[in-house]
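Engineer: the sequence isn't on hand, but the structure is:
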């Protein structure tokens, strides 16, 4: 790295520092007002910003611009236009107007819409999000935007996210006003920890399942996996270290605060964690991070796998969503504070989150539901599919004391009436040591751990923001009418704790006892798979809440349910077709070749001596021959399921059929092929083994 980190950091971002230096004071002031207070941007200001943005981009090597958006595919999209326009003398001018900055009109025909638009309404519109900085990538000025249909419905993940941020801002300010605090805005912030695998590209190219699906559909476990716990936080190997060094530099240029890097539990598995940022910016940054991870890996002769479960038998990859609320004055609303009154405010916002998670546990679960994440949730490597909240013993004891109107037996023995008697001060760094909790309080934030590594973090933050906004709305409605605020506040918090304590759990989320207690005693949801979870998006209470806060329209909600289930079905169908292809074209022929060699060897040995028993050859041939029959039957069963799946016209029935019929048949087929791998010589096996893949970069 020739330049220092402060010199390169944000060098490809049209950030606040650049805007302040290049824009006039008047233009800068108006733009900041738009960013901070959601005020409409004047056309003349947009033109001035566009001119400076163009000049800055060209100075930094950009030749094109694009409206960079996040359609419902889960990845980003961009259409590039050059800055050039023809000049009268036969040359070109480099132009970029405020109109081009603010609005684009890409073709939307091939993006998923879930019925939001007809084919003849293919045009879509992109609208600049000035709260997220423009940046340069591959000589192109990328302008973060929202994306909507011809009829104005949101076709992306950013628009509902921005709406949810507005909702929580609106309701949180109402509550803060009751505590005598006037703030300009309340924002949510996120830091998204990102897990991933690195494998050698040459090995990757030889695995058709990895190429087509991002995960291995077959593969017997190697003699060594993660049993020794020697990879977790271990010394980073030189090849991986060089990759991480280059990855950091690329991310830092884009203003992404890459902070932490280390080896994860499984061989070839690693993690990168950034410093938190405002939620929509953090969402943009995480999408960029996943893209840059894969790009830099290819430059190093490796492939970065972001699938939640690329290898059976070793830990999969997740993404921890560290979420908090703060004001423009720098006040963290999930920090206990220094005074009793701030503690009372903290406890009210804490209760808002607890109630939100309990009331809308199904929304949080479905927000992380994908075909890939279904393989991970509930295993001994990730939180269970049951959503619960971990607070730690200290906070739990405080809430229990409030609920029971009893003295807190911790640092101070006092009868608590919020805002009247002194509340006990408790440690700011109360952190979670329970790694089985899906939703844990970690000092001054909550960590939602159920996301899969390839998930867009927009989805879960949309639901979390909206759910907490609804809790706060209820509190503001009630407290604004109270004659005695302090008494009403105390009674409200006491009631919320009593009604929602079922969601609080500090124990082992992996135990069978917890599953039974959660579902049978506490009445919590256990939505194990995507087909179980996704239909709950259409539950009346969820539709009503999301519409009340203007996060989605009713048609947008229905479209997203359809799109997510379609994505689930298409993903598993591609996996099943890949399995059939590999078995018929590679695995069965390979086993037959090995059987042929064994038969020739047996015949030759017995021709030399009738006393040769050939136990290995004969027993192996017998079992492999039996397995080929099993494999053939299993692949035929899977093909029949694929044919039947195509006849399902209802997306809900189709997803249930995949869950109940196709996936079990895929498991049966894999079981037989993996056993055959253990009996077939490595020379004859058609694809690299797990051992060759997982240890390929060492």
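Structural biologist: Yep, that arrived. Just so you know, these numbers come straight off a predicted model, no measurement behind them.
Engineer: residue 577: what's it in contact with?
Structural biologist: Shown in contact with residue 577 (Cβ atoms under 8 Å, 6 or more residues apart in numbering): residue 642. Using the backbone N, CA and C atoms, a C-beta is placed for each residue, glycine as well.
Engineer: which SSE is it in?
Structural biologist: Following DSSP states H and E, one finds residue 577 within helix 554-582.
Engineer: any idea how far residue 640 is from residue 653?
Structural biologist: 17 Å (Cβ to Cβ, to the nearest Å).
Engineer: now residue 55: closest residue in space, sequence neighbours ignored.
Structural biologist: residue 22 (7.8 Å; Cβ to Cβ, 6 or more residues apart in numbering).
Engineer: which ones are touching that neighbour?
Structural biologist: Shown in contact with residue 22 (Cβ under 8 Å, 6+ apart): 52, 55, 56.
Engineer: now residue 34
Structural biologist: 40, 41, 45, 130.
Engineer: using a markdown table, lay out these together with secondary structure, distance to residue 176 and neighbour count.
Structural biologist: Shown next, in a markdown table, are the contacts of residue 34 (DSSP: H, G, I helix; E, B strand; the rest coil; distance: Cβ to Cβ, whole Å; neighbours: other Cβ atoms under 10 Å):
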| residue | secondary structure | distance to residue 176 | neighbour count |
| --- | --- | --- | --- |
| 40 | coil | 25 | 7 |
| 41 | coil | 27 | 18 |
| 45 | helix | 30 | 22 |
| 130 | coil | 25 | 20 |
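Engineer: of the residues you listed, which is the nearest to residue 356?
Structural biologist: residue 130 (28.6 Å; Cβ to Cβ).
Engineer: for whichever helix or strand comes after the helix holding residue 577, which outside residues touch it?
Structural biologist: Scanning forward in sequence from helix 554-582 by DSSP H and E, the next helix or strand is helix 588-608. Where contact means Cβ under 8 Å, 6+ apart, the residues beyond helix 588-608 that reach it are 612, 614, 617-618, 620-621, 624-625, 627-628, 631-632, 676, 680-681, 684-686.
Engineer: give me the angle between helix 588-608 and helix 554-582.
Structural biologist: Relative orientation of helix 588-608 and helix 554-582, computed by axes from the mean of the first three to the mean of the last three Cα atoms, to 10 degrees: 20 degrees.
Engineer: could you give me the average pLDDT of helix 588-608?
Structural biologist: What helix 588-608 shows for mean pLDDT is 94.
Engineer: equivalent analysis for stretch 34-50, please.
Structural biologist: 83.
Engineer: how long is it from one end to the other?
Structural biologist: 15 Å (Cα to Cα, to the nearest Å).
Engineer: can you pull the buried residues of stretch 273-284?
Structural biologist: Of the residues in stretch 273-284, 273, 274, 276, 277, 278, 279, 280, 281, 282, 283, 284 count as buried by neighbour count, 16 or more other Cβ atoms under 10 Å.
Engineer: one more: stretch 152-172?
Structural biologist: In stretch 152-172, counting by 16+ other Cβ under 10 Å, buried: 153-172.
Engineer: in helices only, show me those.
Structural biologist: 158-172 (DSSP state H).
Engineer: what about the residue nearest to residue 55, distance to residue 52?
Structural biologist: 4 Å.
Engineer: quick one, grab the pLDDT at residue 421.
Structural biologist: Taking residue 421 on its own, its pLDDT is 45.
Engineer: can you give me the helices in the stretch 1-150 of the chain?
Structural biologist: 5-8, 16-22, 25-37, 43-59, 98-102 (DSSP state H, counting those that start in this stretch).
Engineer: I'd say residue 469 and residue 167 touch.
Structural biologist: Yes - taking contacts as Cβ atoms under 8 Å, residue 469 lies within contact range of residue 167: 4.0 Å.
Engineer: overlap in contacts of the two?
Structural biologist: The contact lists of residue 469 and residue 167 share residue 549, where a contact means Cβ under 8 Å, 6+ apart.
Engineer: what about the residue nearest to residue 479 when sequence neighbours are not counted, neighbour count?
Structural biologist: With Cβ to Cβ, 6+ apart as the criterion, residue 479 has its nearest non-adjacent residue at 5.3 Å, and that residue is residue 178. Using other Cβ atoms under 10 Å, the number of residues around residue 178 comes to 17.
Engineer: what pLDDT does residue 178 get?
Structural biologist: 96.
Engineer: check contacts around it.
Structural biologist: So residue 178 contacts 476, 479, 480, 485 (Cβ under 8 Å, 6+ apart).
Engineer: which residues does the spatially most central residue of the chain contact?
Structural biologist: The C-alpha lying nearest the average C-alpha coordinate of the chain belongs to residue 455 (Cα atoms, centre = their mean; 2.9 Å). Counting by Cβ under 8 Å, 6+ apart, residue 455 makes contact with 74, 319, 368, 370, 373.
Engineer: now, the residues you listed that are in helices?
Structural biologist: Counting by DSSP H, those contribute residue 373 to helices.
Engineer: of the contacts of residue 455, which is the nearest to residue 534?
Structural biologist: For the contacts of residue 455, the nearest to residue 534 is residue 370 (9.8 Å; Cβ to Cβ).
Engineer: so which residues of the stretch 401-550 of the chain form strands?
Structural biologist: 439-441, 446-452 (DSSP state E, counting those that start in this stretch).
Engineer: mark which of the contacts of residue 178 are buried, thanks.
Structural biologist: Judged by 16+ other Cβ under 10 Å, buried ones among these: 476, 479.
Engineer: just put the contacts of residue 178 in CSV and tack on distance to residue 207.
Structural biologist: Output for these, formatted as CSV (distance: Cβ to Cβ, whole Å):
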residue, distance to residue 207
476, 55
479, 59
480, 60
485, 63
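Engineer: shaky segments in the protein?
Structural biologist: With pLDDT under 70 as the threshold, the chain has low-confidence stretches at 1, 38, 92, 106-123, 337-342, 408-434.
Engineer: from the contact counts, what lies against the longest helix along it?
Structural biologist: If you go by DSSP H, the chain has its longest helix at helix 615-645. Contacts defined by 3 or more Cβ pairs under 8 Å, 6 or more residues apart in numbering; DSSP states H and E place helix 615-645 against helix 554-582, helix 588-608, helix 651-657, helix 663-679.
Engineer: nearest to residue 223 among those would be which one?
Structural biologist: Of the helices and strands packed on helix 615-645, the one closest to residue 223 (Cβ to Cβ) turns out to be helix 663-679, at 11.1 Å.
Engineer: who's in contact with the residue nearest to residue 583 when sequence neighbours are not counted?
Structural biologist: Excluding its sequence neighbours, the residue lying closest to residue 583 (Cβ to Cβ, 6+ apart) is residue 635, at 4.9 Å. Residues near residue 635 by Cβ under 8 Å, 6+ apart: 579, 580, 583, 584, 669.
Engineer: out of those, which are buried?
Structural biologist: Buried among the contacts of residue 635 (16+ other Cβ under 10 Å): 579, 580, 583, 669.
Engineer: ok, the second one - contacts?
Structural biologist: Taking Cβ under 8 Å, 6+ apart as the criterion, residue 580 is in contact with 635, 638, 639, 642.
Engineer: before we move on, what about the first one?
Structural biologist: Remark: with contacts taken as Cβ under 8 Å, 6+ apart, residue 579 is in contact with 209, 217, 218, 635, 638, 666, 669, 670.
Engineer: out of those, flag the one nearest to residue 385.
Structural biologist: Nearest member of the contacts of residue 579 to residue 385, counting by Cβ to Cβ, is residue 666, at 20.1 Å.
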